[in-house]
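> after the sequence you'll find the predicted model.
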Amino acid sequence: MKRSVLLALLGLSTIGALLVRPAEAAKPVLATANNPVLPTAPPPPPPDPEAWRATPPGPGGLRGWSLPDPKISQLKNGIPVYAIQSGDLPLVTVRLHMNLGREVNPMGKAGLGALVADLLDEATKEGKSVQDALGIAAELQSLGANLSISSNNEGVDLTLDALAASLGPSLDLLARVVLSPALDKADISRVQGQMLSDLTASRSNPSWALRRVTAAQLYGPEHPYGYLVNGTPESIASIKAKDVKNFYKQWWHAGYASFVVVGSLAADEATAAIGSRFGDWGRADVGAPVVDPPAALLKTRVVFVDQPGSVQSMIGIASPALSRNAPDWHASNVAATIVAGMFSSPLNMVLREEKGWSYGAYGGISESRDYGIFFARTSVQADKTAPAVSEILKVLQDAATNAPSEEILAMAKDYLRKSLPGSFDTNANMAASFSAIPIFRLQNDAWRSYDRDVNNITASRSLTMAGRWFRPERQLIVVVGPRTVKDGEGKDVDVVAGLKALGFEYVEVQ
């Protein structure tokens, strides 16, 4: 039969069934009343590999930790040695602290102690044998050792990191640096020039300006604490070579020294190694000068330091506090931690989270052998300078008049207690922590009793300390920022006028 006739006989519907296209045949059959077949469900999407980020991890369990137990002894000249055998690596850290704080600088010679410390590793001289700074650096490198020297409010720290195998010659070098510095006139002139350059460059640093002005305003020009460790351009420029040599001769002796040795060395061996190099170091009878207490703040004072062109103002609040070894130290530290020492403290929550004026605010009680300070510091957008000062004082007022909740108190105490292991996690940190005992004249078991001392602080005792240190009517307020600035809408804001409107005594300094 011909094809045309066949197609006619089959009809259009039959033709459609015979000529189904492959794509149409692959379509799923839909369910109807007469055909209950259901379609196959599509496969589930693959899991999101980043979904875990939506759920923050929970807190880990408490790890066991035990405080290192130093062996404490004295050399024949009375130098205390704290020796701790720790770690499996063949490394040893030796930390020598000299209790020569700002109080030993002669009047008008602020920074002299820091200059002398900077000169120690410039050159050594024993008889006719001279080793310059390059020679000292080359010897340290050949021994695989490192020596750092730093000055701070409480004195000078020399930290030697050495391999256990080369500890002997490394200690020999440390002994030459400490006991036989050349104090050459040319080196004195050069290091003095470097200090002057650093001081000049620091003038544009608002943080340095804040600390400098705070010290000067709290203590005054006649007090040794009225200056930073590196002094002033005027005081450094006034120092002569004879001042350097007289200072070293008068103050650098065994009576102000203490050692901490940490590492893979038995305690007896460590003490013997120190004794063989420093046991004959002379000990003078002269005592450290008595530091007078700072004058009490009788009213709040605002001190302004102009920082032209800045878009932020740095704000510092400060008042005289207590020494590190005072009976009320831990209660004061807990109180300061509650108000300003944690991210969740109200000082930070108000300025950063609630107001959005600052990236962060913090504060605390400084550690000092004689007289510490309570401080709070932040940087805020400059157009909010005066309002920020008001908010800080409100936070202090609340802390000084209302006892903390048990929840907040527990949080602060946990923060302090559970942060303690971090102060002993490396040889260097361990050496610094145990060095604090002679620096601040603490009891030898100060770290062993730390957890108990902090945990014993009650809400009422914390409130008593807050009422003593945080009173907003007796604070020094230092502001480093611009006189005027534009706000977010482009309007001019008079920063100085806002500060004066707070109603406190107002002073401007350079």
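Here it is on my side, so go on.
> and the closest residue to I149 other than its chain neighbours, what's its pLDDT?
Excluding its sequence neighbours, the residue lying closest to I149 (C-beta to C-beta, 6 or more residues apart in numbering) is L158, at 5.2 Å. Where C-beta positions appear, they are placed from N, C-alpha and C, glycine not excepted. As predicted, L158 sits at a pLDDT of 98.
> for L158, give its distance to R95.
Distance, L158 to R95, using C-beta to C-beta, to the nearest Å: 7 Å.
> repeat for G363
28 Å.
> likewise A336?
27 Å.
> of the two, which one has the most company?
A direct count of neighbours by other C-beta atoms under 10 Å for A336 and R95 places A336 higher, at 26 against 23.
> enumerate every residue touching that one.
The contact partners of A336, by C-beta atoms under 8 Å, 6 or more residues apart in numbering, come to G363, G364, I365, F374, W469.
> in a strand, the fourth one, correct?
What that stands for is F374. Yes - counting by DSSP: H, G, I helix; E, B strand; the rest coil, F374 falls inside a strand.
> bridging residues for it?
Per DSSP bridges, the residues bridged to F374 are S319, I365.
> got the contact list for it?
317-321, 332, 336, 363-366, 469-470.
> closest to S419 among those?
Using C-beta to C-beta, G364 comes nearest to S419 of the contacts of F374, at 12.5 Å.
> looking at it, that closest one is touching F375, isn't it?
Yes - using C-beta atoms under 8 Å, G364 makes contact with F375 at a distance of 6.7 Å.
> looking at the two, which one has more neighbours?
Relative neighbour count places F375 above the other of G364 and F375, with 24 against 21, counting by other C-beta under 10 Å.
> skipping adjacent residues, who's closest to that one in space?
Per C-beta to C-beta, 6+ apart, closest to F375 is A318, 4.7 Å.
> same deal with S423?
S433 is the one closest to S423 (C-beta to C-beta, 6+ apart), at 4.7 Å.
> and the one you found, what element?
For S433, the element it lies in under DSSP states H and E is helix 427-439.
> ok now the helix or strand where L115 lies, how far from the chain's centre?
Assigned by DSSP H and E, L115 belongs to helix 112-119. Centroid separation between helix 112-119 and its chain, computed with C-alpha atoms, centre = their mean, to the nearest Å, is 23 Å.
> what mean pLDDT does that helix have?
98.
> try stretch 366-373
Stretch 366-373 carries an average pLDDT of 94.
> contacts for it next, please.
99, 101, 103, 153-154, 214, 218, 225, 291, 293-294, 318-325, 365, 374-375, 436, 439-441.
> in contact with the nearest residue to N333 once chain neighbours are set aside, which residues are there?
Nearest residue to N333, sequence neighbours excluded (C-beta to C-beta, 6+ apart): I365, at 5.3 Å. Taking C-beta under 8 Å, 6+ apart as the criterion, I365 is in contact with A321, L322, W329, S332, N333, A336, G372, I373, F374, F375, W469.
> wait, doesn't the third one sit right on A335?
Pointing back at W329 there. No - using C-beta under 8 Å, W329 is not in contact with A335, being 10.8 Å away.
> the helix or strand where the residue nearest to I149 lies: what's the following helix or strand?
Following DSSP H and E, one finds L158 within strand 155-163. As assigned by DSSP H and E, the chain's next helix or strand after strand 155-163 is helix 167-179.
> that following helix vs strand 155-163, what angle?
160 degrees (axes from the mean of the first three to the mean of the last three C-alpha atoms, to 10 degrees).
> where does pLDDT dip in the stretch 251-400 of the chain?
285 (pLDDT under 70).
> quick one: the helices in it, in order.
For the stretch 251-400 of the chain, the helices defined by DSSP state H, counting those that start in this stretch cover 267-278, 329-336, 346-348, 385-401.
> which of the ones you listed sits closest to L199?
Per C-beta to C-beta, nearest to L199 of these: helix 385-401, 26.6 Å.
> C-alpha coordinates for the closest one, CSV please?
Output of helix 385-401 as CSV, limited to C-alpha atoms (Å, rounded to 0.1, in the frame of the first residue of the first chain):
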residue,chain,number,x,y,z
THR,A,385,34.2,64.4,72.6
ALA,A,386,32.3,66.3,75.3
PRO,A,387,29.3,63.9,75.3
ALA,A,388,31.7,61.0,75.6
VAL,A,389,33.3,62.5,78.7
SER,A,390,29.9,62.9,80.2
GLU,A,391,29.1,59.3,79.5
ILE,A,392,32.3,58.1,81.0
LEU,A,393,31.6,60.1,84.2
LYS,A,394,28.1,58.6,84.3
VAL,A,395,29.6,55.1,84.2
LEU,A,396,32.0,55.9,87.0
GLN,A,397,29.2,57.4,89.1
ASP,A,398,27.1,54.3,88.7
ALA,A,399,30.0,52.1,89.6
ALA,A,400,30.9,54.2,92.6
THR,A,401,27.3,54.2,94.0
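> check contacts around A361.
A361 neighbours (C-beta under 8 Å, 6+ apart): A340, L347, N348, V350, L351, R352, A376, R377, T378, I392.
> same thing but 6 Å
Taking C-beta atoms under 6 Å, 6 or more residues apart in numbering, we find A361 in contact with L347, N348, L351, T378.
> if any of those are buried, give me the ChimeraX selection for them.
A single ChimeraX command is used to select the members of the contacts of A361 judged buried by 16 or more other C-beta atoms under 10 Å:
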select :347,348,351,378
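> ok, the contacts of A361 vs W52, which is closest?
Of those, the one sitting nearest to W52 (C-beta to C-beta) turns out to be N348, at 28.9 Å.
> OK, contacts around the closest one?
N348 makes contacts with G360, A361, as judged by C-beta under 6 Å, 6+ apart.
> repeat the analysis, applying 7 Å as the threshold.
G360, A361, Y362 (C-beta atoms under 7 Å, 6 or more residues apart in numbering).
> so is G135 in a helix, a strand, or just coil?
Once three-state DSSP is applied, G135 turns out helix.
> and it, how far from V302?
Taking C-beta to C-beta, one finds G135 at 53 Å from V302.
> can you check L499 too?
Applying C-beta to C-beta to L499 and V302 gives a distance of 5 Å.
> thought L463 was touching S405?
No - assessed by C-beta atoms under 7 Å, L463 is found out of contact with S405, at 11.4 Å.
> partner strands of the strand or helix carrying A83, with direction?
Under the criterion of DSSP H and E, A83 resides in strand 80-85. Strand 80-85 has these partner strands in its sheet, going by DSSP bridges: strand 71-74 (antiparallel), strand 257-263 (parallel).
> which secondary structure elements does the one helix or strand A466 maps to contact?
Assessed by DSSP H and E, A466 sits inside helix 459-469. The contact analysis (3 or more C-beta pairs under 7 Å, 6 or more residues apart in numbering; DSSP states H and E) places helix 459-469 against helix 329-336, helix 385-401, helix 406-419.
> need the winner for burial among the ones you listed.
Mean neighbour counts were compared across the helices and strands packed on helix 459-469 using mean count of other C-beta atoms under 10 Å; the top stretch is helix 329-336, at a mean of 25.
> CA atoms of that one as PDB?
C-alpha atoms of helix 329-336 as PDB (Å, rounded to 0.1, in the frame of the first residue of the first chain):
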ATOM      1  CA  TRP A 329      44.900  45.700  95.600                       C
ATOM      2  CA  HIS A 330      42.800  42.700  94.500                       C
ATOM      3  CA  ALA A 331      39.500  44.400  95.500                       C
ATOM      4  CA  SER A 332      40.500  47.500  93.600                       C
ATOM      5  CA  ASN A 333      41.500  45.400  90.600                       C
ATOM      6  CA  VAL A 334      38.200  43.500  90.600                       C
ATOM      7  CA  ALA A 335      36.300  46.800  90.800                       C
ATOM      8  CA  ALA A 336      38.300  48.300  87.900                       C
END
